[in-house]
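>>> the sequence and its predicted three-dimensional model are supplied below.
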Amino acid sequence: MYSEYEERAISLGRYIADSKSTVRATAKKFGVSKSTVHTDITVRLRRLDPALFGEVRKVLDVNKEERHIRGGIATREKYKREAVISSSSGS
């Protein structure tokens, strides 16, 4: 029988593998910290279910490769929003 932490690790792993979610989005969805998600995946899940861990690792590797692109998009959107706000308040 799995402990509460082991069950959470498996649930987190399944969610990430199925939804291709990021660590941050997964943490928000489950109401835990990013550190908890990371520990559950890299330590507990690796030991409990190596096959699921492999699937999750692939998703997290893709997310890591795309991280700089998502950051750039977020920055561009931020400045677009600021430009709209400043142009509407300056009129």
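Noted; the coordinates are in hand.
>>> tell me the buried residues in the longest helix seen in the chain?
Across the chain, the longest stretch assigned as helix under DSSP state H is helix 50-89. When burial is assessed from 16 or more other CB atoms under 10 Å, helix 50-89 yields the following buried residues: 52-53, 55-57, 59-60, 63. The C-beta positions use only the backbone N, C-alpha and C, and glycine is treated the same way.
>>> same thing with stretch 32-41?
36-37, 40-41.
>>> cool, and stretch 11-29?
12-13, 15-17, 21-23, 25-27.
>>> and of the residues you listed, the nearest to residue 85?
residue 25 (26.5 Å; CB to CB).
>>> for this structure, give me the ranges with low pLDDT.
90-91 (pLDDT under 70).
>>> 90 - rerun?
1-2, 63-91 (pLDDT under 90).
>>> which other residues reach stretch 26-45?
5-6, 8-13, 15-16, 21, 23-24, 52-53, 56, 60 (CB atoms under 8 Å, 6 or more residues apart in numbering).
>>> restricted to strands, list these.
Using DSSP state E, no member of the contacts of stretch 26-45 sits in strands.
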